[in-house]
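Engineer: Got a sequence here, can you build the structure:
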Amino acid sequence: NRIISGLSLGTLVVEASLNSGSLITARLALEHNREVFAMPGSIHNVQARGCHLLLREGACLVEQVQDVLDALRLPLTAALEEPEASAQSAPDTPLWRWLGTDPVSPDWLAQQSGLGVPEVLQQLLDLELDGRVLAAPAGYCRRQP
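Structural biologist: Presented below is the predicted three-dimensional model:
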């Protein structure tokens, strides 16, 4: 943790419980005079409590890549730019309606959509390959533009 935080320009914490090793890395980053960034999460998610603690203690709020680049005064290069996903229409799948910013399980999606689990998993894979869905430890969620 000490080496990573020392080599980096900053440390971004996306998910962390209150006793997470990510908080140790964030503390070490501060000791190295590096920026600490945190992404907020749902108040109901115990894995977001560490990020909320960091934000209360003064970490930079991150909602998108540009927030980190601005704080570090780094220009956005063409290599980092992503195609405009927002210009595309909503995918033609009943799952899209049930996917949001908080991860949900394939089993839950199958119950909500009325599809079988194998069909749900196939559609989730297709959406992930299209760059519209992210696979997280807790399930699947929409990818934010």
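Engineer: Give the next helix or strand downstream of the one helix or strand E119 maps to.
Structural biologist: In this assignment (DSSP states H and E), E119 forms part of helix 117-129. Next helix or strand after helix 117-129 toward the C-terminus (DSSP H and E): strand 133-136.
Engineer: Run the chain-centre distance for the helix or strand just after that next one.
Structural biologist: Where DSSP H and E defines the elements, the next helix or strand beyond strand 133-136 is strand 139-142. Distance, stretch centre to chain centre, for strand 139-142: 10 Å (CA atoms, centre = their mean, to the nearest Å).
Engineer: Can you tell me which helices and strands strand 139-142 packs against?
Structural biologist: With contacts taken as 3 or more CB pairs under 8 Å, 6 or more residues apart in numbering; DSSP states H and E, strand 139-142 sits against helix 106-113, helix 117-129, strand 133-136. (C-beta placed from N, C-alpha, C; glycine too.)
Engineer: could the ones you listed go into a markdown table alongside mean neighbour count?
Structural biologist: Listed next are these as a markdown table, based on neighbours: other CB atoms under 10 Å:
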| stretch | mean neighbour count |
| --- | --- |
| helix 106-113 | 16 |
| helix 117-129 | 16 |
| strand 133-136 | 16 |
